[in-house]
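Chemist: Sharing a model that was predicted from the sequence below.
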Amino acid sequence: MEMKEIFKKHTVFSVEIFPPKKPGTIESIYSTLDGLSGIEPDFISCTYGAGGNSADTSTIDICKIIKEKYRILPIAHLTCVNNTKEDIDLIVQRLNEAGVTNVLALRGDKKEGVEPKNDFAHASDLICYLRQKAPHIHISAACYPETHPDSGSAVSDILYLKEKENCGAEHFISQLFFDNEDFYDFYEKTLIAGIKSPIEAGIMPVTTKSGILRMVSMCGASIPKKLSRILNKYENDPAAFSDACMAYAIDQISDLIANDTAGIHLYSMNRPDIAQRIYGAVKSML
């Protein structure tokens, strides 16, 4: 199914999951999917395999389960920095065999001590290659409201996003952010640049102070004062911390929906209880 068709109906609500970290334990994903299926997300994206290489089929295997058992649209993450064109061809073959026709095309993280492959330097290279070699695949891509950490400037980052669209990206999912004004400013710039593909706002509910500090240090997102006060005040009170952080995420999402954001992509961290709680609070607004 084409992404643009989904966005014609209503405000999209989707979730992200990741494969089990231990090889051979794919069955453990069922409890996550059982919990998420109850909220009937428009699609579920699955991050690139725990091994991070073309030999790891867990992402595709899980996407097949999402499609066949739960009847929900799956999107398979696909990274390229550590893959050759031959690797990508093999992955596309496996996607075809699994009946998965939607991917989130990403550069991926460089591995310490591992020399990156030379075929794809950027996500746009992968998008162009997929559009040429597998035109039946619908391609989504990532965007960064607070600018990609490796980008030279906000302007160059927006221009690169336009290049992704020109190459064939039909839909964008944003990196996490905690200040909606950052997203609104970014979105206005995409309109000025002529980007027409729908952009989903990526929301990550905070579950631990250390975890979110580690995450923002890696992706370049910032923590506004309002959230910082919550992290500091309630870090030693688990129940209050959970309630305050859930309220913050729900408030973010409510505001995004009220401002006609195309969709909400929830980074579920394989916690269906959190996804259910947030969805229950906003479902009437979608």
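Modeler: Received the coordinates, thanks.
Chemist: CA atoms for contacts and neighbours, from now on please.
Modeler: Noted.
Chemist: And what about Glu16, helix, strand or coil?
Modeler: Here Glu16 is recorded as strand under DSSP: H, G, I helix; E, B strand; the rest coil.
Chemist: Make residue 1 into 39 and carry on from there
Modeler: Understood, numbering begins at 39; the last thing we discussed is Glu54.
Chemist: what about it, neighbour count?
Modeler: 20 (other C-alpha atoms under 10 Å).
Chemist: Got the confidence number for it?
Modeler: pLDDT recorded at Glu54 is 97.
Chemist: ok now do it, which residues does it touch?
Modeler: 82-85, 303-308 (C-alpha atoms under 8 Å, 6 or more residues apart in numbering).
Chemist: Mind checking which of the residues you listed are in strands?
Modeler: Counting by DSSP state E, the part of the contacts of Glu54 found in strands is 82-84, 303-305.
Chemist: With respect to Tyr182, which of those residues is nearest?
Modeler: His303 (13.5 Å; C-alpha to C-alpha).
Chemist: quick one: contacts for the closest one?
Modeler: With C-alpha under 8 Å, 6+ apart, His303 has these contacts: 51-54, 211, 238-241.
Chemist: What of Leu197?
Modeler: Ala231 are the contacts of Leu197 under C-alpha under 8 Å, 6+ apart.
Chemist: Now do it against Glu65, distance only.
Modeler: Plainly put, Leu197 is 42 Å away from Glu65 if you go by C-alpha to C-alpha, to the nearest Å.
Chemist: Low-confidence stretches in the stretch 139-288 of the chain?
Modeler: 150 (pLDDT under 70).
Chemist: how about the strands in the chain?
Modeler: Under DSSP E, the chain gives strands at 50-55, 81-84, 111-117, 140-144, 176-181, 209-214, 237-241, 301-305.
Chemist: Out of those strands, which is closest to Asp125?
Modeler: strand 111-117 (10.6 Å).
Chemist: and the residue lying closest to Phe224 once chain neighbours are set aside, what does it touch?
Modeler: With sequence-adjacent residues excluded and distances taken as C-alpha to C-alpha, 6 or more residues apart in numbering, Phe224 is closest to Pro183, at 5.3 Å. Pro183 makes contact with 212-213, 215, 220-221, 223-225, according to C-alpha under 8 Å, 6+ apart.
Chemist: mind giving me TSV with the strands of the chain and columns for distance to Leu168?
Modeler: Listed next are the strands of the chain as TSV, based on distance: least, C-alpha to C-alpha, whole Å:
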stretch	distance to Leu168
strand 50-55	22
strand 81-84	18
strand 111-117	11
strand 140-144	9
strand 176-181	8
strand 209-214	15
strand 237-241	20
strand 301-305	23
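Chemist: Specify the stretch among these that is closest to Met323.
Modeler: Met323 sits nearest to strand 50-55 of all the strands of the chain, at 10.8 Å, using C-alpha to C-alpha.
Chemist: Quick one: work out the angle between that closest one and strand 111-117.
Modeler: Comparing the axes of strand 50-55 and strand 111-117 via axes from the mean of the first three to the mean of the last three C-alpha atoms, to 10 degrees yields an angle of 50 degrees.
Chemist: shouldn't Cys101 be in contact with Ala114?
Modeler: Yes. When contacts are counted by C-alpha atoms under 8 Å, Cys101 is listed as touching Ala114 (6.5 Å).
Chemist: Touching both of the two, which residues are there?
Modeler: 83-84, 138.
Chemist: Just give me the closest of those to Arg109.
Modeler: Lowest distance from Arg109 to the shared contacts of Cys101 and Ala114 (C-alpha to C-alpha) belongs to Val138, with 12.1 Å.
Chemist: and that closest one, what does it touch?
Modeler: 98, 101-102, 105, 112-114.
Chemist: Including neighbour count and pLDDT, could those residues go into CSV?
Modeler: As requested, the contacts of Val138 are exported to CSV (neighbours: other C-alpha atoms under 10 Å; pLDDT from 0 to 100):
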residue, neighbour count, pLDDT
Ile98, 29, 94
Cys101, 26, 96
Lys102, 23, 96
Lys105, 18, 97
Pro112, 27, 97
Ile113, 27, 97
Ala114, 26, 97
